[in-house]
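Visitor: here is my input; please provide its structure:
(2 chains)
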Amino acid sequence: MPLLEIENLTVAFDTSAGLFTALNKVSYSVEKGEVLAIVGESGSGKSVAMLAVMGLLPSTATVTADKISFEGLDLMAMGANERRRIIGKDMAMIFQEPIASLNPCFTIGFQIEEVLAEHLKLDRRARRIRAIELLHAVGIADGEERLDAYPHQMSGGQCQRVMIAIAIACEPKLLIADEPTTALDVTIQKQILDLLVQLQRDTGMGLIMITHDMGVVAETADRVVVQYKGRKMEEAGVLELFENPKSGYTRALLSALPENAVGDRLPVVADFVPEDEGAPA
Amino acid sequence: MSEIVLDVRNVTRDYHSKGTMFTKPKVVHAVKGVSFTLEKGKTLAIVGESGCGKSTLARILTMIDAPTSGELYIDGDRIDIADQAVTPALRRKVQIIFQNPYGSLNPRQKIGDVLTEPVLLNTDKSAAERRDMAMEMLKKVGMLPEHYNRYPHMFSGGQRQRIAIARALMLNPSLLVLDEPVSALDLSVQAQILNLLADLQDEFGLTYVFVSHDLSVVKYIADEVMVMYFGEVVEYGSRDAVFGNPQHDYTKTLFAATPRADVASIKTRLAAKAALV
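Guide: Okay, here's the model as predicted:
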């Protein structure tokens, strides 16, 4: 049984210009211990799918699907309260802007312990010990002093580590990372990616990596889903995708990488994908 | 020998923070003794991570900020904005393009006004002339004449960056400083903007200073590469020399950290992973 299974997920937003379909009948699944990368550009619906799974979409969104199940449990049939017991505990998410995702008014210790209190009902002392443990696990060595720091006193990379600590606090079975390194320098990006992959390997959790960066895909993924304008264009193993991309859009993405440039101009997507292909119906 | 557009000699920049009742005054040496020359029509890439002083250097080159010490020559003229005001003629020579196309355009200004404003401020051309110039430039950067009367929010990130490039080129500058111009853009849009920059460089003989942290972009666009680390230049040379044979440890770390998207490195990674299980 797959860890997370999505079938024909459609998300539409009610806008002043009518209904906008951000995601059009997308299906995929993640197994335990697997790293799935979802690649696409802005507007491809790559984040929307995961926000729908987490139940984080605004009320203007209409979510329909044949199936969204987590460990065999039907997430769509679940009430809000039931869902909240899973989200943040068995299924956790980290976001692109680490500094913006943390609350500036509270110490990072408070924010890590909040999750532990909510989901695991640990007492104060146990929470403190576990929080220090978690900071160690994400590579913050002086965890004990850092617990009393506020987000603005830490760098972007450190804040992302704290976000990861919060996400893995309850040992989730599935971690969703939405562009976790886009705002970070390359050297820090490398550290965060290594950390995520290592945590994934140690705990055997499923990891969904949402990204627009083919380099990140190549460095982390087992399997890849490519999305464009709300549709799934291709799904393949990582090696297969890079060696023998099936869809024109994937070929376009790969050849738009500056390191793959042949000649003195880069090919653009329009050279590969006709205008109407993949447009939401 | 070809013409030297930019000559920077031992430029430094310090920032002083005032002390308070509880803290001592601090001096931050943002740029420590940077020297280089750049020929007409070439591209110099400045690489480094946040806080390494690359944007401070960009501000000095665009005459927004004065260096604390050192000399700056543009087209052979000594520039010293601490002593004398920047003349319109000088302003026209150097233009800058910023990272965030959403933040660098005034949301209440129509595209036509965005493009004609620098001409209005720095020259005495008539309104009709300015309008014609703007129309011409819109076409050059791959936009349409009907975009003239629209507002920035009606455009995508890539289109806004095209507008920002058009605005910078309105005064026919010889030097363009690009501060992370494509890092906020999608991969396919990034490719279009890089192509546009290459086309414009050929057409107008522009000289670029390209500030970036993305090594794959740098490798594609640069003639010369300068790597900065904590305000110092740790590596400076031709692109092939820097990429082919990096000398400094930091440059090597930077290369090692850059994700590689080729089949061979994926195979290596998967093999290493399989061996662990």
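Visitor: pretty sure B:Gln95 contacts B:Val177?
Guide: Yes: between B:Gln95 and B:Val177 a contact is recorded at 7.3 Å, counting by Cβ atoms under 8 Å. All C-beta spots, glycine's among them, are computed from the backbone N, C-alpha and C.
Visitor: tally of neighbours for the residue of chain B found nearest chain A?
Guide: Here the residue of chain B nearest chain A is B:Pro259; by Cβ to the nearest Cβ that distance is 2.8 Å. Using other Cβ atoms under 10 Å in any protein chain shown, B:Pro259 has 21 neighbouring residues.
Visitor: and it, which of the three is it?
Guide: coil (DSSP: H, G, I helix; E, B strand; the rest coil).
Visitor: residue contacts, it?
Guide: Taking Cβ atoms under 8 Å, 6 or more residues apart in numbering or on different chains, we find B:Pro259 in contact with A:Gln189, A:Lys190, A:Leu193, A:Asp213, A:Gly215, A:Val216, A:Ala218, A:Glu219.
Visitor: re the thing from before, shared neighbours of B:Gln95 and B:Val177, anything?
Guide: The contact lists of B:Gln95 and B:Val177 share B:Thr62, where a contact means Cβ under 8 Å, 6+ apart.
Visitor: those two: which has the busier surroundings?
Guide: B:Val177 (28 against 23).
Visitor: secondary structure element for A:Gly157?
Guide: helix A:156-167 (DSSP states H and E).
Visitor: list the contacts of that helix.
Guide: A:92-95, A:98-99, A:101-102, A:108, A:111-112, A:115, A:131, A:134-135, A:137-140, A:151, A:154, A:175, A:180-181, A:183-185, A:188, A:191-192, A:195-196, A:199, B:50.
Visitor: tell me the mean pLDDT for that helix?
Guide: Averaged across helix A:156-167, the pLDDT comes to 91.
Visitor: all strands of chain B, in order?
Guide: Under the criterion DSSP state E, chain B contains strands at B:4-17, B:26-39, B:43-47, B:69-74, B:77-79, B:94-97, B:175-179, B:207-212, B:224-229, B:232-238.
Visitor: possible to save the ones you listed as CSV with distance to A:Arg146 and mean pLDDT?
Guide: Formatted as CSV, those follow (distance: least, Cβ to Cβ, whole Å; pLDDT from 0 to 100):
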stretch, distance to A:Arg146, mean pLDDT
strand B:4-17, 24, 90
strand B:26-39, 23, 90
strand B:43-47, 30, 94
strand B:69-74, 38, 91
strand B:77-79, 45, 86
strand B:94-97, 38, 92
strand B:175-179, 32, 93
strand B:207-212, 32, 92
strand B:224-229, 26, 93
strand B:232-238, 29, 93
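Visitor: now distance to chain A too, for these, in TSV please.
Guide: Below are the strands of chain B laid out as TSV (distance: least, Cβ to the nearest Cβ, whole Å):
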stretch	distance to chain A
strand B:4-17	16
strand B:26-39	16
strand B:43-47	10
strand B:69-74	27
strand B:77-79	31
strand B:94-97	18
strand B:175-179	15
strand B:207-212	11
strand B:224-229	10
strand B:232-238	14
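Visitor: pLDDT weak spots in the chain?
Guide: Going with chain A. A:260-263, A:269-281 (pLDDT under 70).
Visitor: meant chain B, my bad for not saying
Guide: Scanning chain B with the threshold set as pLDDT under 70 gives B:1, B:277.
Visitor: phi and psi next, for A:Gln191.
Guide: Backbone dihedrals for A:Gln191, given as degrees, to the nearest 10, come out at phi -60, psi -40.
Visitor: all helices of the stretch 101-250 of chain A, in order?
Guide: Using DSSP state H, counting those that start in this stretch, the helices of the stretch 101-250 of chain A run over residues A:108-115, A:124-137, A:143-146, A:156-167, A:186-203, A:214-220, A:238-243, A:248-255.
Visitor: which residues touch A:Ile176?
Guide: A:Ile176 touches A:Met50, A:Val53, A:Met54, A:Met91, A:Ala92, A:Met93, A:Ile94, A:Leu207, A:Ile208, A:Ile210, counting by Cβ under 8 Å, 6+ apart.
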